[in-house]
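Novice: Show me the folded form of this:
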Amino acid sequence: EERRLMYVAITRAEKYLFISRTAFRRGQQARKSRFWKEIQDALN
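Specialist: Here you go, the predicted structure:
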């Protein structure tokens, strides 16, 4: 489901796409999305 939602969000962008993430959640370091590395690799 997370992959599908990411795909929908990326493919609906018409002009610009900003991808961000939170570094901390409830005072603790947040985990990166399992797709974060894939996205970074695809953009480089």
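
Novice: Strands of this protein, start to end?
Specialist: 24-25, 28-29 (DSSP state E).

Novice: What lies in contact with the first one?
Specialist: Taking contacts as Cβ atoms under 8 Å, 6 or more residues apart in numbering, the residues outside strand 24-25 that touch it are Ala30. To be clear about C-beta, it is placed using only N, CA and C from the backbone, and glycine gets the same treatment.

Novice: Make 809 the starting number, not 1.
Specialist: Taking 809 as the first residue, the last one we looked at is strand 832-833.

Novice: so what strands line up beside that strand?
Specialist: strand 836-837 (antiparallel) (DSSP bridges).

Novice: What is the burial count for Ile827?
Specialist: 14 (other Cβ atoms under 10 Å).

Novice: Of the strands of the chain, give the one that comes closest to Glu809.
Specialist: strand 832-833 (19.5 Å; Cβ to Cβ).

Novice: Can you find the helix or strand of the protein with the lowest average pLDDT?
Specialist: helix 844-851 (a mean of 84; mean pLDDT, DSSP states H and E).
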